[in-house]
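Asks: Have a look; sequence and predicted model below, questions after that.
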Amino acid sequence: LKTFRPRIPHQLLLLYGGYDDGYPSTTIKTFDIRSRQWFHFRLDNDHYPRVYHQLNLGNRIYIIGGSDGVHCLNMVICLNLIDGKQTVMAPMLETRSFHCAVRYGHRYIIVCGGYNGHERLRSVEMYDSRLDCWRHLPPMQTIRSDASAAIFNDCLYVAGGIDLFPLNSMEYYSFETNQWTIISFMHIQRRSFSLIPYNGSLYAIGGCTEIYEYNW
């Protein structure tokens, strides 16, 4: 009998890695929006347990840096959702976990801040998916780990995170001037949250401080 591998649906949510009972996980699950069902997606080759950070460019998921539970990583793996193949891409210039990452256009990925196993970072890198190479952008003005980022009005916004303490500051990078600028502060310090552009505004959703967790 021939066994068939579940197809990757065209409209899906993908869950990769994270923590499972306190340890980094190798789990990959997809949720089919139409059938409202979860199923496991298995790679052809072994892969590392990973926490932080992944995003998509078209039909490809890029798994960028993160941690295997012991070491911070600079490894980048590209997962093709069409054929299920994974490819090791050019590594980041720095090891980092607890970083934030955004897609810029259909070609670039930008990672900001994070933690390299020794100290928190304010460095920024940009990945060119066509050339498979990384380069540094100017560093942020503030050291940030576990922050959130978004592209808004053709600028890169980074907010919150943690240095020695949770932050409520926000700054943006102008691709035109090649400079970072500190702007208005959030009302609440936040880390591990989402920064979402919608209808002409940026929304900071959820997250936590050292003491409180927010569901609004």
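Replies: Great, that's in hand.

Asks: Show the contacting residues for W38.
Replies: K29, T30, F31, D32 (CB atoms under 8 Å, 6 or more residues apart in numbering). In short, each C-beta sits where N, CA and C put it, glycine included.

Asks: partners of it in the sheet?
Replies: F31 (DSSP bridges).

Asks: ditto for L13
Replies: Going by DSSP bridges, L13 forms beta bridges with F31.

Asks: Is it in contact with R36, as I believe?
Replies: No: the criterion here is CB atoms under 8 Å, and L13 misses it with R36 at 10.7 Å.

Asks: Most neighbours among the contacts of W38, please name it.
Replies: T30 (20 neighbours; other CB atoms under 10 Å).

Asks: on that earlier part again, which one's more surrounded, L13 and R36?
Replies: L13 (11 against 7).

Asks: who touches the more buried one in this structure?
Replies: L13 neighbours (CB under 8 Å, 6+ apart): T30, F31, I33.

Asks: Against H99, how distant is the last one?
Replies: What it means is I33. 28 Å (CB to CB, to the nearest Å).

Asks: higher neighbour count, those two?
Replies: Using other CB under 10 Å, the more surrounded residue of I33 and H99 is H99, with 30 against 12.

Asks: what about the nearest residue to the more buried one once chain neighbours are set aside, which SS state?
Replies: Nearest non-adjacent residue to H99, counting by CB to CB, 6 or more residues apart in numbering: G114, 3.0 Å away. Counting by DSSP: H, G, I helix; E, B strand; the rest coil, the backbone at G114 sits in strand.
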